[in-house]
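Visitor: Provided below are the primary sequence and the corresponding predicted coordinates.
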Amino acid sequence: MKQLSKTRNIGISAHIDSGKTTLTERILFYTDKIHKIEEVRGGGSGAKMDHMDLEREKGITITSAATTVHWKGSEGKGITFAEGDQKDIKINIIDTPGHVDFTVEVERSLRVLDGAVLVLCGVAGVQSQSITVDRQMKRYRVPRLAFINKMDRMGANAYNAAKSLREKLGLNAVMVQIPIGYEDTFNGVVDLITMQAVYFDGPNGEKLRREAIPPELHDKAREYRVKMLDALSEYDEQMMEDILEEKEISEETIHKAIYKGVNSLQLVPTFCGSAFKNRAVQLLLDGVARYLPSPLSCEGPKAKGENNEEIALDPVADKMLVCMAFKITDEQFGQLTYTRIYQGTLRKGETIYNTRTGKKVRVGRIVRMNSNDRENIDEASAGDIVAMIGVDCASGDTFVDDESSKVSCEGIHVPIPVIELSIRAKDKDQQVKMSKGLQRFVREDPTFHVFTDEESAETRIAGMGELHLEIYVERLKREYGAEVEVGAPQVNYRETITTETKFDYTHKKQTGGSGQFGQVVGRIRPLADTDKETEDQVYKFNNSIKGGVIPGEFIGSCDKGFQDVMNKGPLAAFPMINVEVFLEDGKSHDVDSSDIAFRIASRMAMRNAVKNAGAALLEPIMKVEVETPDEYQGFVIGDLSSRRGVIQGSETSDNNDTVINAQVPLSSMFGYSTDLRSGTAGKASYTMEFSHYAQCPRDVEEKVKKDRQDKLAERD
């Protein structure tokens, strides 16, 4: 238990190009995990956490990577807590991608972490992906610290970045440091807790030097310390009284108040620095150790029992094992399964049980990951994040060591893929390689889908964006030697209903022996926004049967029958979403009723109801953020408008560029990067992420329907 209190499980998340991987590289260096700093871009072997060749070439993180470090404090003597003891803290870190196409990597990492560091660019502040990451952190109730990075860059402003945390994300962001200098003169921070200036000397900023605050920053430091203490006093009544009586507030009291605020999810302490210039990373690590929770003190993990009842898990080593596979990768020597242990102990050589499949598996090897390197270990206990080798399972599976247990950990939210393209191997040998690679990628990534188009019999892949699919096609070529040809990207349209419609269908069939009989009565309606558990939920079933008019053993078959129709809508045979079904009445027969009878009855009832429910075609709408010099603002707005975009607003960034926010149909965004570069002399940049599905205009709907009909005619 004492060892567990010294453990932190954290993620580092941010908008793309905010410096997450650079920050993690410095953390590895300052904790003696590596002895030479490599950069994300440039010469050398590349940053430790970007271990894929594609990551090093493109300078972005594609897949999350895990590592474990030990931190003895910025002074090298351990961390002093309010209770006065010194601790050497073990920190399990997951470095996550920033590009929105790989957002599921962030999603599943945050699902198993106890705390996080939200990294912001000191120039841009809160950006589009920062908003997405914030939403994910709130979904899983993850306490976090904020680190305003890149304070050495032109236009960096820590105060504006902290302000954007408050205004754009609604966070109670409180600065616990202010910068000394700015841009190329940034060389340290003022610690508002100790009221000291902290500088970072040595070739890699490894030596801390504490001095008096520079005279020109006295007033600013006092101003922001008052703001900090005022915000912290909400979490400590004694501090509030001491402030009113103008008493000196001790460092221990401040640390305690920050800890309480962070772990109540009501406070975000904000640090600043420059990972690239080796400034202030050590103080952020002190903050991680002091303020983020251990597995013992974090909000207790929950699981579901056999009857869907909620079960509280206890993070101790001597209870029944409960662990969750949250990320899998296939490798030369078998599947590598990243696992969070919530309860009990996982031991090498023991047998564990997959509660989803009911299968038992033997744990052959357990390893502790350091990016792509691994260290063999014999066991790991509650609160730890490790990897198992050779255990066959799917992402999200729960494992226990008691065969009779049906405990299941909560899964993750998986977004709907919005783009697809056809993929074809050049010959039969390449087809085998392609199939093997695609099977692996589907197992690894819940947002990557592979299917066969019924109309054309061609293989199609679907995902979250053009870059997402481009990376997997490139990986097929590099990792499997599969020469493939791809078609043009296609939009993943969806269908839905717009009005509530009743259904009443009886399936009755008499063949020589026992017949088939089943009647279902109820209604379907569009799934209201307030009823959605997630964005654009596909389907929701409500069993409102009373009095056993349909026996309980047939309810599941009714549900399956309704779902059968969701795969192909009535307009253009696209999958349907946002449909809610209420099964309210029906009839059964003692002899002739069966699972198949009720499934057929439900399928036909649903099919008829959907045709009368005002079917509509939906298209994916993307949230687009363009940053451009002011002189090109007119071009950008005009171009987005010509693509059926709706301008949401614009603002001036801290470097005097204009940031334009718009919502644009995905079908209009293909080739946008080329057009934007040519129209702005290469000076503008943009980010794009899925926002929601919206009803297509009539002309677009007719064109899509005609294209589908033409495609079917070509096949025939």
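Guide: Happy to help now that I have it.
Visitor: wait, what's in contact with Thr452?
Guide: 458-460 (Cβ atoms under 8 Å, 6 or more residues apart in numbering). For glycine as for every other residue, the C-beta is placed from the backbone atoms N, C-alpha and C.
Visitor: Okay, now the unreliable bits of the stretch 101-250 of the chain?
Guide: 101-103 (pLDDT under 70).
Visitor: repeat that for 90
Guide: 101-114, 123-141, 154-155, 168, 182-184, 202-206, 236-250 (pLDDT under 90).
Visitor: For the stretch 151-300 of the chain, just list every one of the strands.
Guide: 173-175, 177-180, 188-191, 196-201, 207-211, 268-272 (DSSP state E, counting those that start in this stretch).
Visitor: Now neighbour count and distance to Asn172 too, for the contacts of Thr452, in TSV please.
Guide: As requested, these are exported to TSV (neighbours: other Cβ atoms under 10 Å; distance: Cβ to Cβ, whole Å):
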residue	neighbour count	distance to Asn172
Glu458	11	52
Thr459	18	49
Arg460	17	46
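Visitor: Excluding chain neighbours, what is closest to Lys220?
Guide: Residue nearest to Lys220 in three dimensions, not counting chain neighbours: Ile178, with 6.2 Å by Cβ to Cβ, 6 or more residues apart in numbering.
Visitor: for Thr329, that is, sorry about that
Guide: Leu336 (4.8 Å).
Visitor: State the number of residues packed around that neighbour.
Guide: For Leu336, the neighbour count with other Cβ atoms under 10 Å is 21.
Visitor: So it, which state does it fall into?
Guide: Three-state call for Leu336 (DSSP: H, G, I helix; E, B strand; the rest coil): strand.
Visitor: give me every residue that touches it.
Guide: So Leu336 contacts 328-330, 387-389 (Cβ under 8 Å, 6+ apart).
Visitor: Filter those down to the buried ones.
Guide: By neighbour count, with 16 or more other Cβ atoms under 10 Å, the contacts of Leu336 hold 328, 330, 387-389 as buried.
Visitor: tell me which of those residues is nearest to Pro203?
Guide: Ala387 (34.0 Å; Cβ to Cβ).
Visitor: Enumerate every residue touching the closest one.
Guide: Contacts of Ala387 (Cβ under 8 Å, 6+ apart): 66, 336-339, 366-369, 374.
Visitor: host element of it?
Guide: Following DSSP states H and E, one finds Ala387 within strand 385-389.
Visitor: how far is that strand from where the chain is centred?
Guide: Using Cα atoms, centre = their mean, to the nearest Å, the mean C-alpha position of strand 385-389 is found 20 Å from that of the whole chain.
Visitor: just to revisit the earlier point, could the buried ones among the contacts of Leu336 go into a markdown table alongside pLDDT and distance to Phe276?
Guide: What follows is these, written out as a markdown table (pLDDT from 0 to 100; distance: Cβ to Cβ, whole Å):
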| residue | pLDDT | distance to Phe276 |
| --- | --- | --- |
| Ile328 | 80 | 33 |
| Asp330 | 70 | 34 |
| Ala387 | 88 | 30 |
| Met388 | 90 | 36 |
| Ile389 | 88 | 35 |
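Visitor: quick one: which of the residues you listed is nearest to Arg144?
Guide: For the buried ones among the contacts of Leu336, the nearest to Arg144 is Ala387 (24.7 Å; Cβ to Cβ).
Visitor: Which strand residues bridge the closest one?
Guide: Tyr338, Val367 (DSSP bridges).
Visitor: Equivalent analysis for Ala303, please.
Guide: Bridge pairing for Ala303 - DSSP bridges - gives Ile311, Cys409.
Visitor: rewinding a little: can you tell me how far the residue nearest to Thr329 sits from Trp71?
Guide: 26 Å (Cβ to Cβ, to the nearest Å).
Visitor: Tell me which other helices or strands the helix or strand hosting Arg599 touches.
Guide: In the assignment (DSSP H and E), Arg599 maps to helix 595-611. Under the contact definition 3 or more Cβ pairs under 8 Å, 6 or more residues apart in numbering; DSSP states H and E, helix 595-611 sits against strand 501-509, strand 516-526, helix 555-566, strand 579-587.
Visitor: I'd like these as TSV, with distance to Tyr140 appended.
Guide: Shown next, in TSV, are the helices and strands packed on helix 595-611 (distance: least, Cβ to Cβ, whole Å):
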stretch	distance to Tyr140
strand 501-509	37
strand 516-526	28
helix 555-566	28
strand 579-587	26
